[in-house]
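> compute the structure for the input listed below.
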Amino acid sequence: MHELLLFASVPASHHHDLLQQLAGFTAMQPRRRLERRLVFKAPSPRNRINPRLGGGGSQDLQQSAEVQRLSKMLANATYYTQLVGLVTEADFGTTSTDDYDVDSQLWRMEWRDIPDAGTRSAVTSRVMSTVALPPGDIVTPMRAWGYSYETEYVVEGDVFIYNDVVLFLHRVLNFPDEVSLPEPRRFLPPLQNLSPLDKSGAYILQASVTVQDGSNPDLVKEATQHLFNVREQLKTTVRLEQGDRLSLDTRVK
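Prediction:
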């Protein structure tokens, strides 16, 4: 799949107004989203992928076409990969599995290539793949795939849908300063204890369209035009632009 994107920086002071303007533009109320994102690093050279995740009763991924496509993409280069899990505000500040059980958390594995180079289009375009993982222990299977846990953070924001364009107004939150942990947290601290990555509290507005067949020029042209239409209609509110290619580089240096 290919992902086409435009971005805009939004000062914290404009966040509330932009939420209202996007609600009016899309004719929908914002959908609150909190994502827990775990960052894993693949070594070089990469270890051979173990096709099974976990032990008895877990899903056998050897037959998954999605996983095989993903492993093929990763075969020739080394990338940072993220596991993304949706959480709620009630999951933060818990100390018991009765409130939040990480082993019951549903995860999806997200891989995104460095954006395409040398394109004449005024949008960011990159190959991407997403694979749903079964719940349970995720550190052991990720290690079996040759990945090592690096860090984690939270994405806080609101989602709007306009035709096939997804508008995600969000910011990155860091966990409180502490010694680096060897594994993801079993429990999450209070949400108010997390701090914005951007100390000014600014947000990012991301406009994206996913194209199933990125080699089809007609589909890409149509998706690009949809992004341009959104950019034009929001130009008096926010300035959507192509992202910086190198800042979106997901390769391990």
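
> okay, and for this structure, where does confidence drop off?
For the chain, the stretches flagged by pLDDT under 70 are 44-77, 118-120, 178-179, 253.

> select the longest strand from it.
Using DSSP state E, we find that the single longest strand of the chain is strand 148-162.

> partners of the helix or strand just after it in the sheet?
The helix or strand immediately downstream of strand 148-162 is strand 165-174, counting by DSSP states H and E. Looking at strand 165-174 with DSSP bridges, its partner strands are strand 148-162 (antiparallel), strand 195-196 (antiparallel), strand 203-211 (antiparallel).

> kindly export the longest strand of the chain (C-alpha atoms) in CSV.
Coordinates of each C-alpha in strand 148-162 appear next as CSV, following Å, rounded to 0.1, in the frame of the first residue of the first chain:
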residue,chain,number,x,y,z
SER,A,148,15.0,-5.1,20.2
TYR,A,149,12.7,-2.8,22.2
GLU,A,150,13.9,0.9,22.2
THR,A,151,11.3,3.1,23.8
GLU,A,152,7.6,4.1,23.8
TYR,A,153,5.5,7.2,23.7
VAL,A,154,1.8,8.2,23.4
VAL,A,155,0.0,10.0,20.6
GLU,A,156,-2.9,12.1,21.7
GLY,A,157,-5.3,13.6,19.3
ASP,A,158,-8.6,13.8,17.4
VAL,A,159,-9.6,12.2,14.1
PHE,A,160,-11.9,13.6,11.4
ILE,A,161,-12.9,11.9,8.1
TYR,A,162,-13.6,13.9,4.9
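
> of the strands paired with strand 165-174, flag the one that's most buried.
Of all the strands paired with strand 165-174, strand 203-211 carries the top mean neighbour count, a mean of 21, counting by mean count of other Cβ atoms under 10 Å. Bear in mind the C-beta positions are built from the backbone N, C-alpha and C, glycine included.

> for that strand, what is the distance to the chain centroid?
11 Å (Cα atoms, centre = their mean, to the nearest Å).

> sorry, back to before: and the strands paired with strand 165-174 as JSON lines, adding distance to residue 14?
Output for the strands paired with strand 165-174, formatted as JSON lines (distance: least, Cβ to Cβ, whole Å):
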{"stretch": "strand 148-162", "distance to residue 14": "14"}
{"stretch": "strand 195-196", "distance to residue 14": "15"}
{"stretch": "strand 203-211", "distance to residue 14": "8"}
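
> so for residue 188, which of those sits nearest?
strand 148-162 (8.2 Å; Cβ to Cβ).

> how far out from the middle of the chain is the closest one?
Using Cα atoms, centre = their mean, the offset of strand 148-162 from its chain centre is 6 Å.

> what's the answer for stretch 133-152, then?
Stretch 133-152 sits 16 Å away from the centroid of its parent chain (Cα atoms, centre = their mean).

> what about residue 176, how many neighbours?
Residue neighbour count, defined by other Cβ atoms under 10 Å, stands at 9 for residue 176.

> who touches it in this structure?
Contacts for residue 176 (Cβ atoms under 8 Å, 6 or more residues apart in numbering) come out as 189, 193-195.

> and stretch 230-244, how far apart are its ends?
Taking Cα to Cα, to the nearest Å, stretch 230-244 runs 20 Å from one end to the other.
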